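Chemist: This is a predicted model, with the sequence first.
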Amino acid sequence: MPKEATAVTSVNEYQIKPKHKEKFKPSEAREIIKNILKEKLTPKQQSPPNDLNPLSKEIADSIKYKLKETGKDRYKYIVQVVLGNQKGQGVQAGCRNFWDGDSDGVAFEQYVDDNLFCLVTVWGVYVY
């Protein structure tokens, strides 16, 4: 007796654009950034460390891991942290991007107190 052949159907599910629920949302990213800055920098108000490099790396890594936990698997995150001692100076930052405005996004947040300042920029880039 011959075996019956089962029909196999395949559906092309290659996705060029993220679904609406999966898009990078700057407001969601800003909330994550605010919470991490509050957690990492508020205890440092009394005396900021002399070497801010490890602290800035810790902040960037924490933000990146929290963003990855949001479940947007096809996004790559670029996190830039500018951290410095506050001595009354002014700081200006700018950036220029070339990307897909429908799927990619940017979020930024700042933290300033009497002893230090922190500027965080996060780019969410959808990987096709």
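Modeler: Good, I have the coordinates.
Chemist: May I ask which helix or strand encompasses P54?
Modeler: Assigned by DSSP states H and E, P54 belongs to helix 53-68.
Chemist: So which elements touch the helix or strand harbouring E31?
Modeler: When elements are assigned from DSSP H and E, E31 belongs to helix 26-41. Identification of packing neighbours for helix 26-41 by 3 or more Cβ pairs under 8 Å, 6 or more residues apart in numbering; DSSP states H and E yields helix 53-68, strand 105-112, strand 116-126. All C-beta spots, glycine's among them, are computed from the backbone N, C-alpha and C.
Chemist: Any buried residues in that helix, and which?
Modeler: Buried residues in helix 26-41, counted by 16 or more other Cβ atoms under 10 Å: E28, A29, I32, I33, I36, L37, K40, L41.
Chemist: how about those in TSV, adding pLDDT and distance to V79?
Modeler: As requested, those are exported to TSV (pLDDT from 0 to 100; distance: Cβ to Cβ, whole Å):
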residue	pLDDT	distance to V79
E28	95	15
A29	96	10
I32	97	10
I33	97	9
I36	96	10
L37	94	12
K40	90	13
L41	88	15
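Chemist: could these be laid out in CSV, adding distance to E58?
Modeler: Output for the buried residues of helix 26-41, formatted as CSV (distance: Cβ to Cβ, whole Å):
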residue, distance to E58
E28, 21
A29, 18
I32, 15
I33, 14
I36, 9
L37, 12
K40, 7
L41, 11
